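>>> here is a sequence with its predicted model. Questions after.
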Amino acid sequence: MIALAGLSAQADAAVTTLLAQPNPTQSAAVDKALGSAPASLKTDVTAALSTLRPYIVTLMCVQDDMATRGLVEKFVGSRGTVMFNGWSGAMSPAKRMRHHDMVGCLTVTRIQNWRRIAANEFAFDILFTANDSGESYLWQNKVHKEPDGTWLIA
């Protein structure tokens with residue numbers, strides 16, 4: 001099971017009610033999808049795993065759309081992200097699905113369209129699927145290397 005790193009015990013207790021936990025198959029699917037990065041991006045993706053894994057698990061398992069911002073904010077870089085820059089729509093892939101019951105996590109079917117944007121930035125799309133309803137949603141992501149060397153969502 002993938003845990004969210006860097007949260008206090010008090011924050012962990014609060015998050016537990018807002019975040020379902022992926023089953024072992026779903027956790028393995030995240031690792032497999034992250035492993036699909038092309039050779040030209042492997043080094044950067046590996047360096048960004050400490051951000052990417054918990055960010056993806058948060059997106060796939062969040063049950064309360066109002067809490068998404070608080071749960072994802074720690075993965076967002078200094079430049080911000082479209083999610084927080086004036087956009088007021090649903091902030092989780094599951095909330096964009098009409099028939100998913102929000103009790104369990106979505107499954108990462110694949111990560112695709114990996115692309116280099118700059119020496120310190122790359123992008124990819126995650127295809128999330130709801131096992132209960134069969135719905136899917138394509139979530140676009142951009143990752144940026146901060147001046148201190150950490151990789152965060154842009």
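That came through fine. Numbers count the residues shown, from 1 in each chain.

>>> give me the secondary structure label for residue 53.
Following DSSP: H, G, I helix; E, B strand; the rest coil, the label given to residue 53 is helix.

>>> okay, which residue is most central for the protein?
Compute the mean C-alpha point of the chain, and by CA atoms, centre = their mean the closest residue is residue 56, 2.3 Å away.

>>> from residue 44, how far out is that one?
Counting by CB to CB, to the nearest Å, the gap from residue 56 to residue 44 is 16 Å. From N, CA and C alone the C-beta is placed, and that goes for glycine too.

>>> and residue 58, how many neighbours?
Residues lying near residue 58 (other CB atoms under 10 Å) number 21.

>>> and residue 135, backbone torsions?
phi -70, psi 160 (degrees, to the nearest 10).

>>> show me where this structure has its helices.
Listed in chain order, the helices of the chain (DSSP state H) span 9-16, 24-34, 42-61, 65-72.

>>> those helices: lowest mean pLDDT?
Of all the helices of the chain, mean pLDDT reaches its minimum on helix 9-16 (a mean of 41).

>>> could you pull up the contacting residues of the residue nearest to residue 44 when sequence neighbours are not counted?
Sequence neighbours aside, residue 122 is the residue nearest to residue 44 in space, at 5.9 Å (criterion: CB to CB, 6 or more residues apart in numbering). Applying CB atoms under 8 Å, 6 or more residues apart in numbering to residue 122 gives the contacts 41, 44-45, 114-116, 142-143.
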